[in-house]
Every structure is written in structure tokens, then in C-alpha cells.
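**Student:** Sequence isn't available, so here's the structure alone:
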């Protein structure tokens, strides 16, 4: 085992050196603006506007096109609290669109056509790139509504250096606005690591149609994939100094085969048609927004805004040529074609054909309206080192802290049940004395909660299907506590020892990077073991004394409480068993079946042994300290 561990350390060191060398090769131009662009100083609440759908919807609404655009921008701001529009494929006069957007306090992200046209047939010479970038900057120089330049939709990983060249030339011509791209999830890591885009957005379209073999389905699989995507996005953005935006799904794809709109503007599939993507339900729309907030995204831009123009119905005769071609493709890939007419009951986008909003768009607007009231929080907070709230399914939580406000924590709570409203039980560390629901101003009552040897507080919170909220937590004595120790297995100098356990680098789904974890090795009749020592200063020389051991000494004197929290995958009861050992090697064991909850570390503990069973994976081990009493008015 020691030999295997040595090989693993050598390989990990080589990998770390390789990654560092790659990062060192990145030019200084990758560093984002120290202050941030204007579009980064707010939480982006946005929609993706395909310009080619504008004229058809204006015609259906009986309006002149630019009057229709002005009306849509007014609705986006006034009704849905949108502050960013991601514009693609037009118009010929993007500055005009930006000026209209500015009247409605919306920032437009527009394509730089002169530069795109110059690059259609390959990479131009440097002088030509500089000239094109200057033409773009001059066009928008006095335009107040432009927030960013949109370079390309879904460029692939092999185009990363090319896209970054365009970004650099635009930055030289116009240093006041960033360039953006939206990547597919599998290409995101390349753009995180190899480019200098300060804002990175990925499109997580995870709601596949029934029986689809390429997009996750059913709903449980779709939600799991989306959750993994936003978590990976935020983690990588933090590592590489980017602002993370997510582009969730608000559309049902134009089917492979014949389809039409019913009187309500909902998609109807004809026989021998196939829908690769389905429109998320209204509850799933709420859930996508709130899960992005819980993960720590700094922007949510929904794809897409306007409805595709489709005047065809079966009564009009044979399907159009485009539909026939799509149907042939669906058959060629052996897609699960429907055998009879299916009314999906869902719109194709946030808008119905014309100028009427869909219920899905209104649901998005409802969430954006609340989030607009919390813009300062959402644009500036960060995930806290030490969580103060915990929950079991169907609730998910995340704790945030706001720089400059060390005495307050904020907790995002999401109801993962997209079918039913739930009364969720949220557990808090015992020094939480009150919580306030920022969405409705209520203050849930807190009561004691005993879990094994651990005393916590808990409160009930009612949330509708897929809904979320933000709680503001206050603390006994005015201080939340401190994170004293954390091991996430991402570096070669591990602070724990491993026995019959493998330290492995595991790829995330959809090629969204990778992460380290510890799993039980294949040694027969053996449990994997992770051991944390040095938990006492009692016999240590002054040079070897540690803050962590000092906290345990405080616990032994009744001045503090120390909590253990282990994160990872634990598929069954007793997947993880924690042993707390005293100075003589004696102690108790804790069957940590409530894996979302922290565990109180007994005050005489000198060593912690964590046994992991088959199928379990440990990804982070943390120790926190909170004061035992509210006596102190200074930071403990």
C-alpha cells in the first residue's frame, strides 16, 4: 500500500506540475479587470434574443419591427426585471438596439459584425484584426447601452486560442467592455484555463425529450446533470478568477419532423416527429434559477426569448421542406418518433408567438423580480468557508458571506421537489439565534434538534415546487464561528493519512473538469481509512502547536465546540463510520448516516479515524469552531 501511495504521489505531483506549467504559459492579459466591467458589477438577469425571430413575431403582433423591439424591451425590464439581453444574428444596426435598451436600463450584449465578417474565411493578419476591432469600437464608442461584445455561440475547444485573439484585439480597441462567448459544457474547462474572458457562460440544456438518447431525461436525470454543471462552472470560475454565468434552458427544440402551434401557442407534435429537448415545466424553471443562485452563479441568462415563427398546420397541406428534412434526420439517427399526435402543453420559448408572454416567462420574471431586490448581495457575496445551515432531501442549501460583514451569513434554500410544495426542515449550527426570510420578511421559529451526540437548531420553511429563497442568519454573541481546517484532496501534500484507500482524480460528467476524492481500495476484507491527527497541544512543543489543536484544548476547557463535516458520496447507511479517539486510543464511533449534518467532536478527541465502505467517496473534510457561550463581544 505504501508503494502504491508513493506512485500515486509521484503521478499527482507530475500532474500538478503539468497544470502549473500550462497556467504559467497563459499571458498576463488573461487577468480580469481588478475593478470589473460594469456588466460584472451586477447580477445578470438575462434573456437570449435570436434576432432572426424578431420580424416574424412583430408581424404576428401587428407592429412595426422597431416599435415591437421597444415594447419587448419595456416588458423585459418593467415586468420581468431583466437587466441583460444577449443578442445574436443581428440586427444590421446594433447601436440602435443598444440605445433602445439603455432607455429601459438594460445592458445589451451584441455581436461585433465587422470582426466576425473579417474572420469568416480564416484568421486575418494582425493589422486586419486591429482594423476590424477599431471599426467595432468606433461604431459603439458613444453607445450607452452596450454591455459586452458577443463573439460566438458554442465555439469548440480547438477554437479557444482563436477566440482569445479576437478578445485581446477588442480589449485593445475598447478597454471599457468585455467580450463574451457561451460555451457548451464540455468545452468550458478549456475556456476557463486557456483564455482571458473575464465572464464565462455555459449553456446547460439538460431537459431532454422522452426517450432522448443524447440529452438527460427523465426529470431526475435532467436536474442532476444541471446541478453538476452549475457546480462545476462556479468551482472552475473561482479557481481561474472568472465571473460565472449560466445559460439555462427555456425552450422546447423545434422537433425533428412536423409540428405546429395550437391556439394557446403550445407545441403539437404530429406522428413521426421527435423532440430532442422538451420545455422545462414552470416548477423546473423556478428550480433552474434558484439552483444557479444556490451554486454561486453571478448571472442567469435564459435561452431563449422569442418564439420560432411557424405558420404551418396540418390543414395547410404537406409539411414544409425544412420539417421534412428534419424528420428524415430523426429517422436516420433512429430517434424515438411519436406514433400519434402529441400536444405537449408547453410553449416553445419564454414568449408565445407574437407579443404575449408565456407562463414560463412570467415564472422567470417572478424570480428575477425578487433577485433584483438582492442585487448587492448576489453580485458580491461568496460561498462561506463554514456552512451554518444543513438539510436533507428534498431541500438543498448553501451558505454565503458578504465581504465586510463578518457577523452575518446568508443561506440559499431550494426545494428540489418540482411536483409538490414542501415544508422543509433546515438545521442550523447551535449558535444561530434567528433567521429571517428575505423573500417575505418572516422569521421561522427555531427549536433544538438532537442528532446522536450533536445538538443543533432547526426551523421549518415552506417552499413551492422548485422554489427557493434566501435566509439571513444571526448568531449568539454576534460571530458565526471559524473554519479551522479543510482538506479537499486537491494538493499533493495531504494533511491526512490514508490506509487501504485510493486517492483518485475523477472526471466530471460532460467533460466539465475533474475533482479529487478518496475511495476504499480493492483490498479484501479491509475498510478504507482516513486519519486526522495532531488534535492536541498538550504534549507538543511550542514550535509544533497548532491552531486546530488549540481549538480542541478550548473545547476541553468548555470554551468552544468543534464540529466535523465530511462531504462526498455515501450511497447507503454506514458508508462512513467516524471514530473519535482520545489520548489512550479509546473512544466512541459514530455511524454518520445523516451525511448532510455536522458532527460534534468530543472534547477529549486526539485523533479522528474515518472508515469508508465500498461505493463511498470522500471529497472534503472540515473542522469548525464556534464559541460555547455568547459571553464574548469580540471575535473568538
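**Tutor:** Looks like it arrived, so ask away. For clarity, every value in this text was computed on a predicted model and none was experimentally measured.

**Student:** hang on, isn't residue 474 packed against residue 433?
**Tutor:** Yes. The pair residue 474 / residue 433 is scored as a contact, 5.8 Å apart, by Cβ atoms under 8 Å. Heads up, the C-betas are built off the backbone N, CA and C, glycines and all.

**Student:** Not counting its neighbours along the chain, what's nearest the residue positioned nearest the centre of the chain?
**Tutor:** With distances taken as Cα atoms, centre = their mean, residue 230 lies nearest the centre of the chain, 2.5 Å away. Excluding the flanking residues, the one nearest residue 230 by Cβ to Cβ, 6 or more residues apart in numbering is residue 295, at 4.0 Å.

**Student:** any chance you could read off phi and psi for the one you found?
**Tutor:** Backbone dihedrals for residue 295, given as degrees, to the nearest 10, come out at phi -70, psi -20.

**Student:** neighbours around it, how many?
**Tutor:** 24 (other Cβ atoms under 10 Å).

**Student:** got it, and residue 421?
**Tutor:** For residue 421, the neighbour count with other Cβ under 10 Å is 14.

**Student:** and it, what does it touch?
**Tutor:** Residue 421 is in contact with 415, 462-465, counting by Cβ atoms under 8 Å, 6 or more residues apart in numbering.

**Student:** Against residue 486, how distant is the residue nearest to the centre of the chain?
**Tutor:** From residue 230 over to residue 486 the distance is 22 Å, taken as Cβ to Cβ, to the nearest Å.

**Student:** Leaving out the residues flanking it, which one is nearest to residue 356?
**Tutor:** Closest to residue 356 by Cβ to Cβ, 6+ apart is residue 265, at 7.1 Å.

**Student:** ok, that neighbour - contacts?
**Tutor:** 307, 347-348, 352-353, 356, 358.

**Student:** how about 7 Å then?
**Tutor:** Residues in contact with residue 265 (Cβ atoms under 7 Å, 6 or more residues apart in numbering) are 307, 347, 352-353.

**Student:** Find the pair from the contacts of residue 421 with maximum spatial separation.
**Tutor:** Checked with Cβ to Cβ, the contacts of residue 421 reach their widest spread between 462 and 465, with 11.5 Å between them.

**Student:** For these two, indicate the residue with more neighbours.
**Tutor:** Neighbours per residue, other Cβ under 10 Å: of residue 462 and residue 465, the larger number sits with residue 465, 19 against 14.

**Student:** residues touching the closest residue to that one other than its chain neighbours, list them.
**Tutor:** Leaving out its chain neighbours, the residue that sits closest to residue 465 by Cβ to Cβ, 6+ apart is residue 283, at 3.8 Å. Contact analysis of residue 283 by Cβ under 7 Å, 6+ apart lists 418, 465-466.

**Student:** Would you map the helices across the stretch 151-300 of the chain?
**Tutor:** 160-173, 188-194, 219-240, 282-295 (DSSP state H, counting those that start in this stretch).

**Student:** ok, back up a step: same list, the contacts of residue 265, but as CSV with distance to residue 326 and secondary structure please.
**Tutor:** Listed next are these as CSV, based on distance: Cβ to Cβ, whole Å; DSSP: H, G, I helix; E, B strand; the rest coil:
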residue, distance to residue 326, secondary structure
307, 17, coil
347, 19, coil
352, 22, coil
353, 19, coil
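
**Student:** for those, which one is nearest residue 508?
**Tutor:** residue 347 (31.8 Å).

**Student:** check contacts around the closest residue to the closest one other than its chain neighbours.
**Tutor:** Using Cβ to Cβ, 6+ apart and skipping the chain neighbours, the partner closest in space to residue 347 is residue 358 (4.1 Å). By Cβ under 7 Å, 6+ apart, the residues touching residue 358 are 347, 350-352.

**Student:** ok, of those residues, which one's closest to residue 160?
**Tutor:** For these, the minimum distance to residue 160 (Cβ to Cβ) is 30.4 Å, reached by residue 350.

**Student:** Just give me the neighbour total for the closest residue to the closest one other than its chain neighbours.
**Tutor:** Using Cβ to Cβ, 6+ apart and skipping the chain neighbours, the partner closest in space to residue 350 is residue 361 (3.6 Å). If you count neighbours by other Cβ under 10 Å, residue 361 ends up with 25.

**Student:** Just to check, residue 361 is in contact with residue 352?
**Tutor:** No. Applying Cβ atoms under 7 Å, one finds residue 361 not in contact with residue 352, separated by 8.6 Å.

**Student:** hang on, residue 298 packs against residue 246?
**Tutor:** No. In this structure residue 298 lies outside contact range of residue 246 using Cβ under 7 Å: 9.3 Å.

**Student:** Among the two, which residue is more densely surrounded?
**Tutor:** Taking neighbours as other Cβ under 10 Å, residue 298 and residue 246 compare with residue 246 leading, 28 against 23.
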